[in-house]
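Visitor: Give me a model of this one.
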Amino acid sequence: MQTIYEVSILLVDDNPDLLALVGDSLRTAGYTRIRAAATCADARALFAAATPELMVLDINLPDGDGFTLLRQLHAAADVPALFLSARDADADRLLGLGLGADDYLTKPFLMQELLLRVQRILQRAYRAELRRAAPAKLILGPCRVNLADAAVYRPGSATLPLTATERALLQKLADNRGHIVTYDALCEAVWGADYYGYENSLNVHIRHLREKIEENASRPQWLLTVRGIGYKLAGEVQE
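Guide: Reported below is the predicted structural model:
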């Protein structure tokens, strides 16, 4: 696995409109391996055919409930899971988490919040695998970046060092190269879960990073802004 966007995701919900909306939103965010089921029986069949790497489960299903379904599927493989439910009682939330779910999101929800929670679950669950595959060196046109040494090499100029914050930002973007990384995910990668208040600082660090890796920082070719969502590092150029 090179990035979290390569994982297989199983969506289970009996609302076809919600299934389509969540599936489309995940695909727009960059996830491509998505399967959907409207019943427990269909979910079990899809799970048996190919074990997913993340499950997003509704609780109220026509032939059972998400809690029982999670127990059954976890007996075969301990796959990360996120519950989506209109039931917001604390007892339901605690039961879901107690069964081994990684998160619980109450309907209705903001799609951006769902995408962020999915991203966080996958990064926690597969951190070691992603780190093993993380690139140590980046090629950005004529610019070469060695993330291990936190150094930027540009033709005909002195080596430019990256600050710890710049390196962390670039590592996060490189881990998800070609895909959008949200503002929240970038802030958390640098400042941890208690990043609130650092959002404005993010823009400053991105500007400084562009000054080091871009030929023209005011017209970036590599570190791109996705307005209203976050940033992404443009895909690799094959040599």
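
Visitor: Let me know the next secondary structure element after the helix or strand of the chain with the lowest mean pLDDT.
Guide: Least confident helix or strand of the chain, by mean pLDDT, DSSP states H and E, is helix 127-133 with a mean of 66. Downstream of helix 127-133, the first helix or strand assigned by DSSP states H and E is strand 137-140.

Visitor: Who are the packing partners of that next one?
Guide: Packing partners of strand 137-140 (3 or more Cβ pairs under 8 Å, 6 or more residues apart in numbering; DSSP states H and E): strand 143-146. To be clear about C-beta, it is placed using only N, CA and C from the backbone, and glycine gets the same treatment.

Visitor: Report pLDDT for residue 57.
Guide: Listed pLDDT for residue 57 reads 94.

Visitor: residue ranges with poor pLDDT in the protein?
Guide: By pLDDT under 70, the low-scoring segments of the chain are 1-2, 88-89, 128, 130-136, 193-195, 197-198, 236-239.

Visitor: right, and residue 26 touches residue 115 too?
Guide: Yes. Taking contacts as Cβ atoms under 8 Å, residue 26 lies within contact range of residue 115: 7.3 Å.

Visitor: Count the neighbours of residue 104 for me.
Guide: 21 (other Cβ atoms under 10 Å).

Visitor: Now do the helix or strand it falls within: everything it contacts.
Guide: Assigned by DSSP H and E, residue 104 belongs to strand 103-106. Strand 103-106 is contacted by residues 82-88, 92-93, 96-97, 113-114, 117, 120-121 when judged by Cβ atoms under 8 Å, 6 or more residues apart in numbering.

Visitor: ok, now with 6 Å
Guide: Strand 103-106 has contacts (Cβ atoms under 6 Å, 6 or more residues apart in numbering) with 82, 83, 84, 88, 93, 96, 117.

Visitor: again, but for stretch 199-206
Guide: 165, 169, 187.

Visitor: any chance of the contacts of strand 103-106 in TSV, with distance to residue 178 too?
Guide: Shown next, in TSV, are those (distance: Cβ to Cβ, whole Å):
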residue	distance to residue 178
82	24
83	30
84	27
88	36
93	35
96	33
117	22
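
Visitor: could I get those as CSV with secondary structure, neighbour count and distance to residue 72?
Guide: Formatted as CSV, these follow (DSSP: H, G, I helix; E, B strand; the rest coil; neighbours: other Cβ atoms under 10 Å; distance: Cβ to Cβ, whole Å):
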residue, secondary structure, neighbour count, distance to residue 72
82, strand, 21, 17
83, strand, 26, 15
84, strand, 23, 18
88, coil, 11, 24
93, helix, 18, 20
96, helix, 23, 15
117, helix, 18, 23
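
Visitor: Tell me the one among the residues you listed nearest to residue 14.
Guide: Closest approach to residue 14 among these (Cβ to Cβ): residue 84, at 11.4 Å.

Visitor: is the closest one in a bridge, and if so with what?
Guide: Under the criterion DSSP bridges, residue 84 forms beta bridges with residue 58, residue 105.

Visitor: ranges for the helices of the chain?
Guide: Remark: helices assigned in the chain by DSSP state H are 16-29, 40-49, 66-76, 90-98, 111-125, 127-133, 164-175, 183-191, 199-213.

Visitor: Rebuild these as TSV, extending it with distance to residue 219.
Guide: Listed next are the helices of the chain as TSV, based on distance: least, Cβ to Cβ, whole Å:
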stretch	distance to residue 219
helix 16-29	26
helix 40-49	46
helix 66-76	48
helix 90-98	47
helix 111-125	28
helix 127-133	31
helix 164-175	18
helix 183-191	21
helix 199-213	10
